[in-house]
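Asker: Need the 3D shape of this:
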Amino acid sequence: MKKLFIVSIIFLNITIGSAQDVDCSRINYIDGKYYIDGCENLFTGTCVSYYKNGIISFRASYTYGEIYGLCQWWYDNGQKKKEIKYVLFYGNSLADGNSYTWFPSGQLMIKEIFTFQYPHIISIQI
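Answerer: Below you'll find the model as predicted:
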């Protein structure tokens, strides 16, 4: 019973710990995959970077060492800069779906639709 309790506590700590954001400066790109500093396992989680003023600059999710899901960038004024969705296809990250790029004012600059990494520009605002 005591061993089961200890194993449960360890599992709970690992589960809770893996849900936290990681500073992107701790993520390394090695041989086509992403790893966290000091770990041999492929990175699964979310990395986040901030500007010196405390505003978020980048956020991306990773699964088994690949970017997966929404990847977002911001300007230092807090306005969203770019957004791309990634999917996994045979173990590789590919941009797929709508992608947006905005001016620092927040006005839409470019809307693209990606089909498994190939962009199709829909509109450009100048």
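Asker: where do the strands sit along this structure?
Answerer: 21-23, 27-30, 33-36, 45-50, 56-63, 66-74, 80-89, 92-102, 108-115, 118-124 (DSSP state E).
Asker: What pairs with the first one, parallel or antiparallel?
Answerer: In other words, strand 21-23. Here strand 21-23 is paired, per DSSP bridges, with strand 45-50 (parallel).
Asker: Can you mark which positions in the strand it pairs with are buried?
Answerer: 45-47, 49 (16 or more other CB atoms under 10 Å). Any C-beta I mention is one placed from the backbone N, CA and C, and that applies to glycine too.
Asker: for stretch 68-84, same thing?
Answerer: Under 16+ other CB under 10 Å, the buried positions of stretch 68-84 are 68-69, 71-75, 81-82, 84.
Asker: Export those as JSON lines, with columns for pLDDT and distance to residue 22.
Answerer: Below are the buried residues of stretch 68-84 laid out as JSON lines (pLDDT from 0 to 100; distance: CB to CB, whole Å):
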{"residue": "68", "pLDDT": "94", "distance to residue 22": "15"}
{"residue": "69", "pLDDT": "94", "distance to residue 22": "15"}
{"residue": "71", "pLDDT": "96", "distance to residue 22": "15"}
{"residue": "72", "pLDDT": "98", "distance to residue 22": "15"}
{"residue": "73", "pLDDT": "98", "distance to residue 22": "17"}
{"residue": "74", "pLDDT": "98", "distance to residue 22": "18"}
{"residue": "75", "pLDDT": "98", "distance to residue 22": "22"}
{"residue": "81", "pLDDT": "98", "distance to residue 22": "21"}
{"residue": "82", "pLDDT": "97", "distance to residue 22": "21"}
{"residue": "84", "pLDDT": "95", "distance to residue 22": "20"}
